[in-house]
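*Asks:* Build me a structure from this.
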Amino acid sequence: MPELLHARVEACYQQAEAFFQRRFPRPEVSFKLRGQKAGVAHLDENKLRFNPQLYRENQEDFLKQTVAHEVAHLVAHQLFGHRIQPHGEEWQLIMRGVYELPPNRCHSYDVKRRKVTRYLYRCACPDGDYPFSSQRHALVARGRRYYCRRCKVTLVFSGEQRQE
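*Replies:* Modelled structure (predicted):
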């Protein structure tokens, strides 16, 4: 899996070097990204992180668009410095001029959200249902208190849970 992506990163750098007539230091590449983001460029660390799940599910577009998108961030940073906007005109210039790709800010990959458990808390209000995350529910178990903003009563766990 990573061989094609590494080759694409290298190809993007070679395109940028030919266009700008200068060398760019190669980044560290990692596949330690989860969630909704397809890729992230860490400018000061010269590092790229990619989402392996989204890569597997959208390989062709990912290699073409996402890899170039993230490399363009590092190239723009190295050419123009800290003061540029992440998706500003410098980055767009690289996407259009170097890679001949649309400067899309976001991907449109189908992201499967994992199921989360919500713990239902209640107060004295007639419609006072409050779904708490596992983290907030654990804080209550350790003594933290939460109050209804309307009736000012401490929220109490109803014993009910639901999957979202």
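*Asks:* And the pLDDT at residue 110?
*Replies:* Here the pLDDT value assigned to residue 110 is 85.
*Asks:* longest strand anywhere in the protein?
*Replies:* The strand that spans the most residues within the chain, counting by DSSP state E, is strand 156-163.
*Asks:* Quick check: neighbours of it in the sheet, parallel or antiparallel?
*Replies:* Here strand 156-163 is paired, per DSSP bridges, with strand 117-122 (antiparallel).
*Asks:* where's the residue most central in space within the chain relative to residue 71, distance?
*Replies:* Against the mean C-alpha coordinate of the chain, by C-alpha atoms, centre = their mean, the closest residue is residue 37 at 2.8 Å. Here residue 37 is placed at a distance of 15 Å from residue 71 (C-beta to C-beta, to the nearest Å). The C-beta positions use only the backbone N, C-alpha and C, and glycine is treated the same way.
*Asks:* same question, residue 153
*Replies:* Distance from residue 153 to residue 71, by C-beta to C-beta: 54 Å.
*Asks:* Over to residue 136?
*Replies:* Residue 136 is 39 Å from residue 71, by C-beta to C-beta.
*Asks:* for residue 154, same thing?
*Replies:* From residue 154 to residue 71 the distance is 52 Å (C-beta to C-beta).
*Asks:* Looking at those two, which one has more neighbours?
*Replies:* Remark: of residue 154 and residue 71, residue 71 carries more neighbours, 27 against 12, as counted by other C-beta atoms under 10 Å.
*Asks:* Residue 11 is in contact with the more buried one, correct?
*Replies:* No. Using C-beta atoms under 8 Å, residue 71 is not in contact with residue 11, being 9.3 Å away.
*Asks:* pLDDT (mean, whole number) over the longest helix along the chain?
*Replies:* The longest helix of the chain (DSSP state H) is helix 2-20. Per-residue pLDDT over helix 2-20 has a mean of 97.
*Asks:* Can you mark which positions in that helix are buried?
*Replies:* Residues of helix 2-20 classed as buried: 5, 8-9, 12-13, 15-16 (neighbour count, 16 or more other C-beta atoms under 10 Å).
*Asks:* Ramachandran coordinates for the residue in the chain sticking out farthest from the centre?
*Replies:* Most distant from the centre of the chain: residue 124, at 39.0 Å, with distances by C-alpha atoms, centre = their mean. Here is the backbone geometry of residue 124 (degrees, to the nearest 10): phi -80, psi -10.
*Asks:* where does this structure dip in pLDDT?
*Replies:* 1 (pLDDT under 70).
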